[in-house]
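Asks: Quick check, what structure comes out for this input:
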Amino acid sequence: MLEAKSAASTPLNGIQKNCNNSKHPNNATMKNGHSNSTSNVEKGVVAVGENDNGNENVDSSVDMPKDVLEKLFENYFFKQRRAGLKWFIFTAILYNFWTFFVRHEPPTLETIADDRRSFNSYILIEIVTLVIMRIFVDRRVLDHKHIQTFSKRLTMKITYFVWLIFFLNIIFYFKLEIYPSPRDLLGWVILFNFLFYVTLPLQLWYKGAIFGITSLTIFPLTLWGLGFCNEPFVPEQYFASTAMIFTAAVIGLLCYFMSEAKQRRAFLEAKKSLEVKMVIEEQSAEQERLLLSVLPKHVAVKMRQDLGSTSSEPFKKIYMSRHENVSILYADIVGFTAISSTYSAQDLVKMLNELFARFDSLSEKYHQLRIKILGDCYYCISGAPDERPDHAVLCVHMGLSMVEAIKYVQQKANSPVDMRVGIHTGAILAGILGQRQWQFDIYSKDVELANKMESSGKAGRVHISDKTLAFLNGEFEVEPAYGERHDEALRIAGLKTYFITNVLEPFEEERRLSVERAKLLEEYDKNFMAEDKTTGKKSPTNSKNNNFKVRLQEELISRDGHEDLSKCTNFFLKFKEKSLEDGYAAHREPFSSLPLIAALLVQLLDIIYSSAILPRSQLHLINISTPLIPMTMLVFISIAESFPNYLPESIVSLSKRFNDITFVRELTAIILALTIGLSNVVDMYFYVTYLKTDHVVLESEIDTFTEAIAIQVEPVSASIRANDSVTGVIHMYPSYMSNYCVLILVAIAVIAQLTHITKIVLMMVITALHCYCNIYILGDLYAFEDYMSGNPTMPTSKRVSTVLVMAAVALSFIVRLMDREDRVIFKWKTEVAEQREKATDMRQRNEALVYNILPVHVAEHFMKNTKRSHDDLYSQSYAEVGVLFASMPNFSDFYSEETVNNQGLECLRFLNEVISDFDALLELPQFQDIIKIKTIGSTYMAASGINSNRTSQPDDPITKRWAHLEVLVEFALELKKALHGINEQSFNHFVLKMGINHGPITAGVIGARKPHYDIWGNTVNVASRMESTGKAGAIQVTDETCNILQEFGYTFQQRGLVSVKGKGQLMTFYLEGKSEKGSVTKSTSHQKSEEPIKHPVENHLQTTNEHCNGHSAVEPDIKTPLLDVRAHENNRSSDGEREALLN
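Replies: A predicted model of the protein is given here:
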């Protein structure tokens, strides 16, 4: 019973990406985890790689050769048909029992008796053989590891054998009969010609066609070959028998094509769903990789689970955890300034990208968790989130390997650069802050001390504290470093420091794997060279197709799940889950109404065959012809929707509405089934009435005749035979009505609108009525037929009734098999939809997280280029960008690691509230073009103008070119209002110190394995200095930025010349507010320029490790997220140091 329209006919368009047109997913996207694309998935319509403009970029379909795909389908179809073979064998066993117990001829002669005993022995052997075959065709046996390799050949041989022995039985049976007739075994032949197409695992073409034609013709050919001419009306009997067999074959063919089409749709749906699944998996894997490259797995999993959940807590969710005994490593490139002037920004970033990719590989090897890349500073931890007793040992090995890895830059740049590494062990708070552009970071005073260990170390050396030394277990040789004498923070913390001088115990994993790695590399090189010589470079498309073929085979193999259905259904094959059962009841396959034609065909056959072999009156014709009119109407309205191209739209629409009502569909099928069944029962009654009332045979003659048979009075029999006037007119073959009933049962069995329980009940009721009519109503006529056939041992009325009962039993198992198959396919579709929905939901949740780590256009670039290597670089240059830095300078006084504030966690919880409120402003429509870059401790960094869709021309007015800069200033003012609101609620007095600058920047990603997005350039450096040299509560800008903002009506107060490291003296201004006409307060006159002063992009990157740990700054006047000049690198300690953000 398959009801709603199959999605198999729906074209596969790919996977719909849950991505807003804006650059950042909004709150609704993050809370729900997915958008309205789920509805498309449920409809089966999906689209892959759809960009913001709705353009299709990725094709999910896999172009496989048609012959390969057809071969896969044939194997799949064969496995699905295997389940029917066991019921064909079961029916063959019933037939053999019938031939064994229901003998036709009495064993009067000794030769005949001997032949009968031989035949019975043959039947018993055959029954035993069939039982053994029934065991072998069980799925559990065929799928056994020892039989699986040749299971298909074994199944085919069993199929041929079972088919052969059935038709050999027909020949042997007729050879043993003295008075055989065309009516003998007709019911069984009808049944088996139907079952041949429904149950045997044969393709229709070639072998199937040959076997089908043989099955159709072997019965009439056998009768013709044996020369049955002793009975009257032999041609009519041939015609009636052949018509019934042919009709059964036609119904079987209809079922075969319906089943093949259904399985083909299921196969194509499996292919399409696998294509969708593989694309989603590929995207999800890339999203997962990007996600886990920035966030630890435990944090990513928790955040993904929380998407869509609501919290009643007064504070926003914070993902922060405390870890004890963690080793923290800071590494900085010494001498990087020397090479920054000889390389362009792109080349220099590429060099850093390659170097940090090597560091990321080392971090995986030594079980390190990379935290951040800030400029030329790299820091990581060991011992968190997974505790390890050897965390300090691994950190030292990591530091020593980094010193070796820097030789790559030394050779490439031909410059004496080196690594300075500092390691300290202690407690940390690890997690993320805010709601946008998440970056995993660590916070604590021990983190600050680890940074001091690096800054007070020496180039080419690994500098460790005594806390770290305590965990080394004597595996390294050390010497005193006296770092506490050079750094006040180390001295106050009471630390003693050491340099690593020698490795006493090599890294165990490295020692163990070195030999294996060398062998694997050697073998790989040989295989690669051999493949390169023979086949050349392997095509990615072929690799994808081969992978898809293997996956599709596995998917189809796993779908051989008829037995598995018992887990989710009861004895009556009803799904235990009510919603699933309701969905199945409302579901219908395409063309599922076509089997109703079988009922119409069977009713039409009643007119044809009975007119040829049974006596008919006008009443008979009316009885069997009248139902054809309503039946035709019902069948037509049911199947009209299957032919929309050939019928008017109004009729097709009416048919759809008709079939959409489940009750109407089922009632129509029941009416048709009862009509063909009861019509034959009524016809039986009319048949007897016609013979008696119209005096074709007098009732007294029939009574006398039957009494004579009972007492074996030969003269009566002879008189009847001698009555030519009777035998020349009367067609005394009521057994055709019972054989015709087998066709009725077949027609009921194929109806797809009914469950197997309903069909079994209908078949049993109709069988019982026919058996009653055979024995009690047509008993006299059957006696006459027995006489004409030579008085068989068992009366024909009982023999044909037994055939009906056995056929009904066999068809009951067949309809249960059909229902099970339909339910299995429906369950597959449900599972496919669920799996697709789960995969889509996972992808969308990952997407929501990824787009909160990287900007949308950057994340899409990395997810679409899955085959990149570590030296691939993503970077974009922007000519007109605004940059904002905003910090809370008094947060360092607020932060403390006391028990009362949960070791600093509550302080970070408050900071999370502040940053989250700042992030919430980005959701406002007016701030959609502003991108949050990152947070560094309590410092918030954002930029405007980084929009690939924004277009502006050099000759455009300033107010158009720099409109985004005005929005950035408004955003800065909103930050002040947001912090003021937090202060009022928490009774605090935090203030913001902000700096804004404009100009060209370079945006890019460092680290292909663990991408880190950042922006750099002169514009960023100056913006950082505007914040660091400004005053609390004010927004400081340069002269050029002031000139642009005046065009938008902002007013400024001149501060004067400010010494900015690397830039000399810069004239700066404090933003006061906004008026209709811009003005500026200066000590000297100031002429507003028409065009802003353009900053040249310097040809070198200016390096720094300021804010390297996100909490402290080495430079007093710079807060650069990436690279800046270190003018006095060898005298860093002489420069004034900024207070730590978390002190």
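Asks: hey, where'd the strands end up in the stretch 351-500 of the chain?
Replies: When assigned using DSSP state E, counting those that start in this stretch, the strands of the stretch 351-500 of the chain occupy the ranges 369-374, 377-382, 418-432, 441-443, 462-465, 476-480, 497-503.
Asks: okay, the angle between the host helix or strand of residue 289 and strand 369-374?
Replies: Per DSSP states H and E, residue 289 falls inside helix 234-294. Counting by axes from the mean of the first three to the mean of the last three Cα atoms, to 10 degrees, helix 234-294 lies at 60 degrees to strand 369-374.
Asks: Pick the most deeply packed of the strands of the stretch 351-500 of the chain.
Replies: Across the strands of the stretch 351-500 of the chain, the average number of neighbours (mean count of other Cβ atoms under 10 Å) peaks for strand 462-465, which reaches a mean of 30. The way it works is simple: take the backbone N, C-alpha and C, and place the C-beta from them, glycine included.
Asks: Report the mean confidence score over it.
Replies: Mean pLDDT, strand 462-465: 95.
Asks: One more: stretch 242-257?
Replies: Averaged across stretch 242-257, pLDDT comes to 90.
Asks: Sort out which residues of it are buried, please.
Replies: The neighbour-count check on stretch 242-257 (16 or more other Cβ atoms under 10 Å) flags 242-256 as buried.
Asks: Show residues contacting that stretch.
Replies: 186, 189-191, 193-198, 204, 212, 215-216, 219-220, 594-595, 597-598, 601-602, 605, 608-609, 612, 739-740, 742-743, 746-747, 750 (Cβ atoms under 8 Å, 6 or more residues apart in numbering).
Asks: try 7 Å this time
Replies: Stretch 242-257 has contacts (Cβ atoms under 7 Å, 6 or more residues apart in numbering) with 186, 189-190, 193-194, 196-198, 204, 212, 216, 219-220, 594-595, 598, 601-602, 605, 608-609, 739-740, 743, 746-747, 750.
Asks: For ChimeraX, what selects the buried ones among those residues?
Replies: Selecting only the buried entries of these in ChimeraX, with 16+ other Cβ under 10 Å as the criterion:
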select :186,189,190,193,194,196,197,198,212,216,219,220,594,595,598,601,602,605,609,739,740,743,746,747,750
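Asks: Please narrow the contacts of stretch 242-257 to those residing in helices.
Replies: 186, 189-190, 193-194, 196-198, 212, 216, 219-220, 598, 601-602, 605, 608-609, 739-740, 743, 746-747 (DSSP state H).
Asks: Would you verify that residue 940 is located in a strand?
Replies: Yes: applying DSSP: H, G, I helix; E, B strand; the rest coil, one finds residue 940 inside a strand.
Asks: Spatially, what comes nearest to it if we skip its sequence neighbours?
Replies: residue 886 (4.6 Å; Cβ to Cβ, 6 or more residues apart in numbering).
Asks: the domain parsing of the chain - what is it?
Replies: As assigned by the TED database, the chain contains the domains 67-273+591-697+732-835, 321-517, 856-1074.
Asks: Quickly, which of the ones you listed bottoms out on average pLDDT?
Replies: Of all the domains of the chain, the minimum mean pLDDT falls on domain 67-273+591-697+732-835 (a mean of 82).
Asks: so how far does it reach from one end to the other?
Replies: End-to-end distance for domain 67-273+591-697+732-835, by Cα to Cα, to the nearest Å: 29 Å.
Asks: for stretch 373-383, same thing?
Replies: End-to-end span of stretch 373-383 (Cα to Cα): 19 Å.
Asks: and that stretch, how far out from the chain's middle?
Replies: Relative to its chain's centre, stretch 373-383 lies at 37 Å (Cα atoms, centre = their mean, to the nearest Å).
Asks: now stretch 1005-1017
Replies: 31 Å.
Asks: if we can go back for a sec, give the next helix or strand downstream of the helix holding residue 289.
Replies: The helix or strand immediately downstream of helix 234-294 is helix 297-306, counting by DSSP H and E.
Asks: other SSEs contacting that next one?
Replies: strand 319-334, helix 796-850 (3 or more Cβ pairs under 7 Å, 6 or more residues apart in numbering; DSSP states H and E).
Asks: Out of these, flag the one nearest residue 97.
Replies: Closest approach to residue 97 among those is made by helix 796-850 (8.1 Å; Cβ to Cβ).
Asks: now the angle from the closest one to helix 297-306?
Replies: Counting by the same axes, to 10 degrees, helix 796-850 lies at 120 degrees to helix 297-306.
Asks: relative to helix 186-199, how tilted is helix 796-850?
Replies: 10 degrees.
Asks: for residue 1055, helix, strand, or coil?
Replies: With three-state DSSP as the basis, residue 1055 sits in strand.
Asks: cool, residue 1033 as well?
Replies: For residue 1033, the secondary structure call by three-state DSSP comes out as coil.
Asks: What about it? Give its phi and psi, please.
Replies: phi 90, psi 0 (degrees, to the nearest 10).
Asks: quick one: it and residue 991 touch, right?
Replies: Yes: taking Cβ atoms under 7 Å as the definition, residue 1033 is a contact partner of residue 991 at 4.7 Å.
Asks: Counting neighbours around each, name which of these two comes out higher.
Replies: residue 991 (19 against 12; other Cβ atoms under 10 Å).
Asks: need the strands for the stretch 951-1100 of the chain, in chain order.
Replies: 993-1006, 1012-1016, 1035-1038, 1050-1060, 1064-1074, 1080-1081.
Asks: relative to strand 369-374, how tilted is the second one?
Replies: The reference is to strand 1012-1016. Using the same axes, to 10 degrees: strand 1012-1016 against strand 369-374 is 10 degrees.
Asks: what does the first one give?
Replies: Here strand 993-1006 runs at 120 degrees with respect to strand 369-374, directions being taken by the same axes, to 10 degrees.
Asks: Now do strand 993-1006: which elements does it pack against?
Replies: Against strand 993-1006 (3+ Cβ pairs under 7 Å, 6+ apart) you get helix 345-365, strand 874-887, helix 963-986, strand 1012-1016, helix 1018-1028, strand 1035-1038, helix 1039-1046.
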